[in-house]
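> Sequence first, predicted model second:
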Amino acid sequence: MTNRLAPVLAAGGLAAATTAVVRRMERDYDTVDDLRPSTVAAMYGTYAIHSAAVTWAATRRIWPISAPPVPAIAVGSALTAAGTLVSLAGMGAFDSAAQLTGTESGSLHVSGIYRYTRNPQYLGISAALAGLAIATRSAYAALLAVGVTVTYRRWIPVEERHLSRMFGDTYARYTDRTHRWLGTSRA
């Protein structure tokens, strides 16, 4: 296997594993309306693998992009910092780790950062990963960041169906006034 092919195969394996975990999460929500602890463990394991892969790609500048380093570092660092803050603001709204992870239903969050985006954690993580890819000028890190965002786009409608079942009209009114991401389609 050549050095150029290894990242492609690794990304494919990561995509397959992530798809399996998302399907498992979907089955949990469709059958028990919460995520089972074993599913949450698989979900966070996948998060850890994605984080490690992006960090590896970024620090080693896998598939380097020729761009001026100073502007790339400045823009990428700002995007990473902003994304991290948005994600942390979303996480901070939850009353417990069980609610944050989806193993326990809680209340519907509609204030704070949730006034501007229904998915601050996903938005923030996507932005932070894109920022890291930009700052390190790694096309492979960018590819992995896109993969994470595509996964979130697949997962969010599943989560929204669950929230609709849990919160009914209250959730419908919330989705009518609050964007899914930020300044993009509400649906």
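On my side now, so go ahead.

> other SSEs contacting whatever helix or strand T80 lives in?
Per DSSP states H and E: T80 is located in helix 69-92. Applying 3 or more C-beta pairs under 8 Å, 6 or more residues apart in numbering; DSSP states H and E, we find helix 69-92 packed against helix 120-136. Any C-beta I mention is one placed from the backbone N, CA and C, and that applies to glycine too.

> Pull the residues that contact the helix it packs on.
Counting by C-beta atoms under 8 Å, 6 or more residues apart in numbering, helix 120-136 makes contact with 54-55, 57-59, 61, 72-73, 75-91, 113-114, 117, 139, 141-142, 144-145, 148-149, 152, 155-156, 181-182, all of which sit outside it.

> Next SSE downstream of it?
Next element after helix 120-136 (DSSP H and E): helix 139-177.

> So what's the gap between that following helix and the chain middle?
9 Å (C-alpha atoms, centre = their mean, to the nearest Å).

> angle of that helix against helix 69-92?
Put simply, helix 139-177 runs at 40 degrees to helix 69-92, going by axes from the mean of the first three to the mean of the last three C-alpha atoms, to 10 degrees.

> Show me the shaky parts of this protein.
1-3, 183-187 (pLDDT under 70).

> And the residue most central in space within it, how close does it get to W181?
Central residue of the chain (C-alpha atoms, centre = their mean): Y122, 3.6 Å from the mean position. From Y122 across to W181, the span is 8 Å (C-beta to C-beta, to the nearest Å).

> And A130, by the same measure?
13 Å.

> now do T170
Counting by C-beta to C-beta, the gap from T170 to W181 is 21 Å.

> for F167, same thing?
20 Å.

> The two - which one has more neighbours?
W181 (20 against 16; other C-beta atoms under 10 Å).

> Who's the closest spatial neighbour of the more buried one, skipping the chain neighbours?
L123 (5.5 Å; C-beta to C-beta, 6 or more residues apart in numbering).

> Thank you, goodbye.
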